[in-house]
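K.L.:
Just the structure for this:
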Amino acid sequence: MSKEISRRSFLKGAALGGVGLLVLGDSRLAFGYEANGKLNIAMIGCGGKGASNLGGVSGENIVGLCDVNEKTAAEAAKKFPSAKVFTDYRIMLNQMSKGIDAVVVSTPDHSHAPASLMAMRMGKHVYCEKPLTHSIAEARLMRDTARKYKVATQMGNQGTASDAHRETVEVIQAGAIGQVYEIHVWSNRPVWPQGLKRPVETPPVPSTLHWDLWLGPAPARPYNPCYQPFNWRGWIDFGTGALGDMGCHTLNMPFRALNLTNPTSVEAEVHDMTDECYPKSSIVHFTFPARGNLRGLKLKWYDGGLKPSNEVLYGRDLPGSGVVLIGEKGRIFSPDDYGRSYELLPKENYTDYKKPPQTLPRSPGHYAEWIRACKGGEPAMSNFDYASALTETILLGNLAIVTGEPIYWDPVDMKAINCPKADCHINTVYRKGWTV
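P.N.:
Predicted coordinates:
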């Protein structure tokens with residue numbers, strides 16, 4: 001049965017059986033670039049973050065819409081009536097390959113890499129949601145594949161595009177707080193359930209949801225509404241927990257400013273964790289060695305309502321999420337998840353502070369930056385070279401969480417040298433039909 005769905009049938013709420021492509025007369029589907037230079041973009045995942053990503057690229061030609069839930073795809077199709085509609089991205093990419101320039105991947109974490117890799121190997125530019133991948137091996141493969149096929153890429157950590165984020169990086173790199181030796185990062189996540197056991201109830205799959213396609217590369221299990229459409233984030237087979245969900249945002253600014261790759265060790269304290277679900281709260285300790293002329297430092301991540309002592313802000317109350325970098329000359333505080341504003345502390349030491357010269361380019365906008373790269377412009381700052389390294393550091397924190405052991409990391413051999421049971425989390429085992 002074809003996974004492309006007739007739009008007329010979609011809008012009546014019924015899937016079309018058998019094979020058969022829609023015949024669409026819209027000239028925007030003439031394959032390749034138009035005279036006005038618009039990209040032909042296909043969407044993989046149209047609900048939740050996929051819906052906002054779709055809006056972000058809607059100035060281009062939306063030629064393909066894929067979602068495993070027919071209802072979600074139908075809603076997207078109402079706004080883009082010339083686009084072909086699918087429930088299986090593999091069929092969409094194979095059938096429309098010659099007519100797609102770029103792909104936006106907004107699936108649950110476990111399907112990021114299989115969908116993105118298939119597209120890049122066809123020579124398509126790819127925008128992929130954060131975290132870039134579900135496993136460390138996938139992150140490196142995404143980086144290498146983007147390099148091999150010379151495609152334009154971007155991960156969806158929107159804060160990278162803000163002027164304030166880039167200015168904060170410049171301030172740190174210019175030495176405003178001196179050498180950084182300690183970082184505290186906290187998040188109000190999870191805002192979904194964690195610490196759960198697998199449900200025993202097996203209710204019927206909703207009529208519009210293709211459950212097997214939603215599972216994709218993950219091990220088969222019965223449907224339960226506790227997984228989909230949002231709460232998959234807390235389940236180890238599908239998501240990456242609070243750290244994976246928000247680390248690519250909240251850790252992004254210090255990571256870029258200080259090149260926080262290849263920690264020598266990572267340890268985790270967890271509370272209320274089960275074999276299949278991330279913990280209700282955790283604190284993760286990263287130790288980074290000296291990097292070039294940067295001294296070694298320690299970073300602590302907090303989630304599930306845990307925070308550092310308010311001493312990090314000289315006794316002030318801490319907001320729900322934020323980051324504080326402590327240096328030899330002062331501190332810098334960013335009070336949100338995206339690094340879009342900052343304070344130098346203590347304030348009395350910086351009353352006459354002047355911003356350093358600009359060293360980073362400013363962005364035309366989050367989506368515009370990727371679209372520009374797709375059309376031959378400068379690479380997006382959160383391209384897969386950068387995003388894979390950020391994602392790997394974050395996923396090392398999850399290795400410590402799920403194994404319950406300290407991780408001593410060998411980046412050359414991509415191994416936790418003290419923890420063989422980490423191997424199955426470093427490298428993904430895919431279900432038949434979904435290998436990369």
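K.L.:
Run through the helices of the stretch 251-400 of the chain in chain order.
P.N.:
252-258, 366-374, 384-403 (DSSP state H, counting those that start in this stretch).
K.L.:
could you point out which element follows the helix-or-strand element of the chain with minimal mean pLDDT?
P.N.:
Across the helices and strands of the chain, mean pLDDT, DSSP states H and E gives its lowest value to helix 7-12, namely a mean of 37. Beyond helix 7-12 on the C-terminal side, the first helix or strand identified by DSSP states H and E is strand 40-44.
K.L.:
got the angle between the next helix or strand after that next one and helix 366-374?
P.N.:
Next helix or strand after strand 40-44 toward the C-terminus (DSSP H and E): helix 49-56. Here helix 49-56 runs at an angle of 70 degrees relative to helix 366-374 (axes from the mean of the first three to the mean of the last three C-alpha atoms, to 10 degrees).
K.L.:
Specify the angle between helix 49-56 and strand 40-44 in degrees.
P.N.:
170 degrees.
K.L.:
Pull up the pairing partners for whichever helix or strand comes after helix 49-56, direction included.
P.N.:
Using DSSP H and E, the helix or strand that follows helix 49-56 in sequence is strand 61-66. Looking at strand 61-66 with DSSP bridges, its partner strands are strand 40-44 (parallel), strand 84-86 (parallel).
K.L.:
just those: most buried one?
P.N.:
Across the strands paired with strand 61-66, averaging neighbours per residue (mean count of other C-beta atoms under 10 Å) puts strand 40-44 on top, at a mean of 27. C-beta: built from backbone N, CA, C; applies to glycine.
K.L.:
Centre of the chain to it, how far?
P.N.:
18 Å (C-alpha atoms, centre = their mean, to the nearest Å).
K.L.:
who's in contact with that strand?
P.N.:
Around strand 40-44, the neighbours that count as contacts under C-beta atoms under 8 Å, 6 or more residues apart in numbering are 28-29, 31-33, 50, 53-54, 57, 60-67, 76, 89, 92-93, 96, 99-107, 115, 119, 124.
K.L.:
show me where the stretch 51-200 of the chain has strands.
P.N.:
Taking DSSP state E, counting those that start in this stretch, the strands of the stretch 51-200 of the chain run over residues 61-66, 84-86, 102-105, 125-128, 153-155, 180-186.
K.L.:
Turn these into CSV, including mean pLDDT and distance to residue 295.
P.N.:
Below are the strands of the stretch 51-200 of the chain laid out as CSV (pLDDT from 0 to 100; distance: least, C-beta to C-beta, whole Å):
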stretch, mean pLDDT, distance to residue 295
strand 61-66, 99, 47
strand 84-86, 99, 51
strand 102-105, 99, 38
strand 125-128, 99, 33
strand 153-155, 99, 28
strand 180-186, 99, 6
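K.L.:
Please convert the ones you listed to CSV, extending it with distance to residue 307.
P.N.:
Formatted as CSV, the strands of the stretch 51-200 of the chain follow (distance: least, C-beta to C-beta, whole Å):
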stretch, distance to residue 307
strand 61-66, 40
strand 84-86, 44
strand 102-105, 33
strand 125-128, 30
strand 153-155, 27
strand 180-186, 5
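K.L.:
Please name whichever of those is nearest to residue 215.
P.N.:
strand 61-66 (15.5 Å; C-beta to C-beta).
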